[in-house]
Every structure is written in structure tokens, then in C-alpha cells.
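Trainee: below: sequence and its predicted model.
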Amino acid sequence: MINLILFGPPGSGKGTQAQKLVEQYELLHISTGDLFRNEMSNDTPLGKQAKSFIAKGELVPDEVTIGMLRNKVEANPNVRGYIFDGFPRTIAQSVALDTLLSEKNEEVSKLIMLEVPDDEIVDRILKRGETSGRTDDLDSSIIRNRIEIYKNETTPVYDFYSVKGKAVRINGVGSIQEIFDRLCDEIDNL
Ligand code: ADP
């Protein structure tokens, strides 16, 4: 299996690239952000729990997120691999992911970070907010908060996989196709 972590700050293009990677490599795309939005639009107990955190640009607590991710993986055992998008975002989530995969005799193949400067991220997310219907995309202070949380809580995930020799960074600025080609180079190298 190919088990990829698509990593990078909010608005770095993970969702866009994941869609293209799914076509190219026939992997299952699991976006925790999309899963949460789906739960919220169906007004499930999980969605209600997540809502206040997401509205403030904070992370949903690990127990909730990890449980939801595990359910999604266990519901889709017979796939060629997974693209994890927006997960793991904390060290606890990274440990949980490694445990989950090792139960399947699998492991993370690679973590690929899309590097994009802060100002560009804020511009991209505000632009996305015009059409996405996501309230967390409309307010620049909430966006800044998400970027801060990314720096403080999520970048350690990069180091966690880097010491295992599994983390790489690529330039996340350029055309969608240029960035996709950079990603494919990394994946074809596996
Ligand atoms: P983006 O990366 O563009 O900020 P996502 O769609 O990945 O957006 O996530 C939206 C929100 O969902 C996050 O700001 C956070 O509140 C919540 N969320 C998504 N993934 C996780 C996660 N792995 N752990 C905790 N909270 C998460």
C-alpha cells in the first residue's frame, strides 16, 4: 500500500492536490476537515461537538478526531492506500495513526509538506471564503489563529516523521499542475 500524509498549512492546496492524486494513484482520500463538515451539515452529535472548535479556528480534541479517522479507515480496508489530508495535526494523532496502520501491518510511506508563505495563505483562504460557504474562511483573525496553531501544534508532526526519514518538503507555490508534478516525483520515488 501507499499511505501518504499530505501536509502543510491551511490553504496550502492539500485538498486540490489530493483530488488529482486520487485519480493518478487510485488511493482513498481521507480529509478530516471534509469529514467534520459532513458531520456538521448532518447535525450529528459528532458534528455538534466539533462545531465550536472549528468556528474559532481551533483544533477539535484528539479523542474525537482520532475516533472519527479510525472509523473511516476501518470502514475502507480494501484499498490500494490512503491519502491523509489534514491528519495528523498533533503528535498524539501521529502516534494513533502509526498504531492504526501497524495493526494492518502497514505504515506511513511518506509525509509530503507543501510549503507556502503566510501572506499567500491568508490571501488564498479569504478568496476561497468568497465561494466555499465556510465561515472559518471569512475572517482574517480566525485564519491567523489557524496558522498559529499550525505552527505551534502541527509542525512537530513534520519532525516526528522526519526523524524516521519519511518527511519531505516541496514548494507549494506555482500552478496546480507544477505542484502536482512535484508531488508525483516524490511518490514515484517510493
Ligand atoms: P484547513 O486546513 O484549510 O484549515 P480543514 O478543512 O483541513 O481546513 O480543517 C478545518 C477545521 O477542521 C480545522 O481548522 C480544525 O478545526 C478541524 N480539523 C480538521 N482536521 C483536524 C484534525 N486532524 N485535528 C483537529 N481538528 C481538525
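Mentor: Sure, I can see it.
Trainee: what's the neighbour count on the nearest residue to residue 28 once chain neighbours are set aside?
Mentor: Nearest residue to residue 28, sequence neighbours excluded (CB to CB, 6 or more residues apart in numbering): residue 79, at 4.4 Å. Just so you know, the C-beta spots here come from the backbone N, C-alpha and C atoms, and that holds for glycine as well. Residue 79 has 14 neighbours, counted by other CB atoms under 10 Å.
Trainee: before we move on, what about the one 5 residues further on?
Mentor: The tally of other residues near residue 84 (other CB under 10 Å) stands at 26.
Trainee: likewise residue 34?
Mentor: 14.
Trainee: and if you look at residue 43?
Mentor: 10.
Trainee: that one falls within a strand, correct?
Mentor: No. Under DSSP: H, G, I helix; E, B strand; the rest coil, residue 43 falls outside any strand and is assigned coil.
Trainee: returning to that earlier point: my guess is the residue nearest to residue 28 contacts residue 25, does it?
Mentor: No. Residue 79 is beyond contact range of residue 25, at 10.8 Å (criterion: CB atoms under 8 Å).
Trainee: for the residue most central in space within the chain, give me its contacts.
Mentor: Taking CA atoms, centre = their mean, the centroid of the chain lies closest to residue 86, which sits 1.7 Å from it. Residue 86 makes contact with 14, 31-33, according to CB atoms under 8 Å, 6 or more residues apart in numbering.
Trainee: save those residues as a markdown table, and put in secondary structure too.
Mentor: As requested, the contacts of residue 86 are exported to a markdown table (three-state DSSP):
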| residue | secondary structure |
| --- | --- |
| 14 | helix |
| 31 | strand |
| 32 | helix |
| 33 | helix |
